[in-house]
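J.: got a structure for you, letters missing:
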């Protein structure tokens, strides 16, 4: 029964399911698990399977998707960081996949039950678990189909059957895997597009773009809390610091600002040198103000940690100036027909940058508009104090500005 023939109609049926699932937008995990279950129903005695594909992500090099039916529970998805250095690099260099890359091969099979020494240390682990046969594949992409490091789909497949894989089963796998690789590539490309637009545009703006809001000049009029922050004395620091210290400094403080905003429910729209423009939206404007103040509190905690670490490293430190305002803005696509920016525009955007610049004049880390103070709910409102009435450059009217009561801050 191990050599049971697998008919062409059965193989065609599995391939059709893969195509339909790929077109339906199934995830990589759903594709792999559905594929393995159908292969087993067809008589391919699979026990474990893993597919690996690189991606474009600021942290992770790629993802591995796993399936097994031996009763052992493990996570279906593993996100891995760079395999170019450290223990991960050593492990990858000693893998069957690296061997295939070095030799230009597409497939390697190791009969684990034969007793012959495994050329790759990981295969000894599989053999100790009772796996009897192992086969790995690389399905490469053509030059124009490569994106970043995503140039192929890796996979391996094992069985517990005493005789190993039947030739009919391996033959069926060889016919089916190109379809699965293509479906996995499509799913990963969707994930890459989501990652890229979120990283470069922000979560909300990125989702709007993916939903089709890409027409030039199309913008929604919204009311939002506006956040504009920049670094104190950045020009002086950049003039005096060693060139290699500038990017780490910007990254450290940008991480503090952006994570504080995101953790409080805000969306970062632009990084402008050392400046950050963000918005907070809510059905109730008071809730948006509360979220912005929560982000400000988060930021100060992050800055304390960063300053202590950088001081210990004898690296330059600074602080963050912040302006907060609330008003109506146009939120959408601005630009030319072949270069668009999804952002906010309107007088309120200009005002919040002017408000942030007043931090230097009043010697405070955060300054808020009268409109923001008026919409701030209790008990947060009780912690706001006036710093006076000022005429803002480029703004037609003078206005009262507020800050956080320094005696009430921990």
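T.: Cool, got the structure. Note that this is a predicted model, so its numbers are computed, not measured.

J.: pLDDT value on the residue most central in space within the chain, please?
T.: In the chain, the centroid-proximal residue (Cα atoms, centre = their mean) is residue 195; its distance is 4.8 Å. Residue-level confidence at residue 195 comes out at 83, pLDDT.

J.: doesn't it belong to a helix?
T.: Yes: under DSSP: H, G, I helix; E, B strand; the rest coil, residue 195 falls within a helix.

J.: what's the closest non-adjacent residue to it?
T.: Nearest residue to residue 195, sequence neighbours excluded (Cβ to Cβ, 6 or more residues apart in numbering): residue 57, at 5.4 Å. Yep, even glycine has a C-beta here, placed from its N, CA and C like the rest.

J.: same thing with residue 397?
T.: The shortest distance from residue 397 to any non-neighbouring residue, by Cβ to Cβ, 6+ apart, is to residue 391 (7.7 Å).

J.: ok, residue 205 to residue 325 distance?
T.: Distance, residue 205 to residue 325, by Cβ to Cβ, to the nearest Å: 19 Å.

J.: lowest average confidence, helix or strand, in this structure?
T.: helix 203-210 (a mean of 81; mean pLDDT, DSSP states H and E).

J.: what are the ranges of the helices in the stretch 1-150 of the chain?
T.: Assigned by DSSP state H, counting those that start in this stretch, the helices in the stretch 1-150 of the chain fall at 8-23, 28-41, 86-93, 96-103, 121-128.

J.: deepest in the core, which of the ones you listed is it.
T.: Ranked by mean neighbour count, the helices of the stretch 1-150 of the chain are led by helix 28-41 with a mean of 18 (mean count of other Cβ atoms under 10 Å).

J.: list the contacts of it.
T.: By Cβ atoms under 8 Å, 6 or more residues apart in numbering, the residues outside helix 28-41 that reach it are 13-14, 17-18, 21-22, 26, 46, 49, 51, 53, 63, 65-67, 69, 76-77, 169, 172-173, 176, 180, 183-184, 187-188.

J.: mark which of these are buried, thanks.
T.: 14, 17-18, 21-22, 26, 46, 49, 51, 53, 63, 65-67, 76, 169, 172-173, 176, 180, 183-184, 187-188 (16 or more other Cβ atoms under 10 Å).

J.: tell me which of those fall in strands.
T.: Judged by DSSP state E, the buried ones among the contacts of helix 28-41 include 49, 51, 53, 63, 65, 66, 67 as members of strands.

J.: so who does residue 212 touch?
T.: Under the criterion of Cβ under 8 Å, 6+ apart, residue 212 has no neighbours.

J.: then residue 395?
T.: 347, 350, 351, 354.

J.: which SS class is it?
T.: Taking three-state DSSP as the rule, one finds residue 395 in the coil state.

J.: for the strand or helix carrying residue 309, name the packing helices and strands.
T.: Assigned by DSSP states H and E, residue 309 belongs to helix 285-312. Other elements packing on helix 285-312 under the criterion 3 or more Cβ pairs under 8 Å, 6 or more residues apart in numbering; DSSP states H and E are strand 219-231, helix 243-263, strand 275-280, strand 320-336, helix 370-375.

J.: show me what counts as buried in it.
T.: 285-300, 302-303, 306-307, 310.

J.: coming back round to it: burial count for the residue nearest to residue 195?
T.: Residue 57: 17 surrounding residues under other Cβ atoms under 10 Å.

J.: hmm, residue 198 and it touching each other?
T.: No: using Cβ atoms under 8 Å, residue 57 is not in contact with residue 198, being 10.3 Å away.

J.: list the residues that contact the closest residue to residue 364 other than its chain neighbours.
T.: Spatial nearest neighbour of residue 364, chain neighbours left out: residue 403 (4.4 Å); criterion: Cβ to Cβ, 6+ apart. Neighbouring residues of residue 403 by Cβ under 8 Å, 6+ apart: 362, 364, 366, 367, 368, 384, 385, 387.

J.: and the two most separated of those residues?
T.: Taking Cβ to Cβ as the measure, the contacts of residue 403 span a maximum distance of 13.5 Å, between 362 and 384.

J.: give me the more crowded residue out of these two.
T.: A direct count of neighbours by other Cβ under 10 Å for residue 362 and residue 384 places residue 384 higher, at 18 against 12.

J.: tell me how far the spatially closest residue to that one that is not a sequence neighbour lies from residue 371.
T.: Nearest in space to residue 384, with sequence neighbours left out and distances taken as Cβ to Cβ, 6+ apart, is residue 402 at 4.7 Å. From residue 402 over to residue 371 the distance is 10 Å, taken as Cβ to Cβ.

J.: more neighbours: which of those two?
T.: More neighbours surround residue 402 than the other of residue 402 and residue 371, with 24 against 19 (other Cβ under 10 Å).

J.: am I right that that one is in a helix?
T.: No: looking at residue 402 with three-state DSSP, it is strand, so not inside a helix.

J.: how about low-confidence regions in this structure?
T.: In the predicted model, the chain carries pLDDT under 70 at residues 1-4, 396, 408-410.

J.: show me it divided up by domain.
T.: Using automatic domain parsing, the domain parsing of the chain gives 8-199, 202-408.

J.: quick check: end-to-end length of the shortest one?
T.: Spelled out, that is domain 8-199. 45 Å (Cα to Cα, to the nearest Å).

J.: quick one: distance of it to the chain centre.
T.: Domain 8-199 has its average C-alpha position 22 Å from the chain's average C-alpha position, going by Cα atoms, centre = their mean, to the nearest Å.
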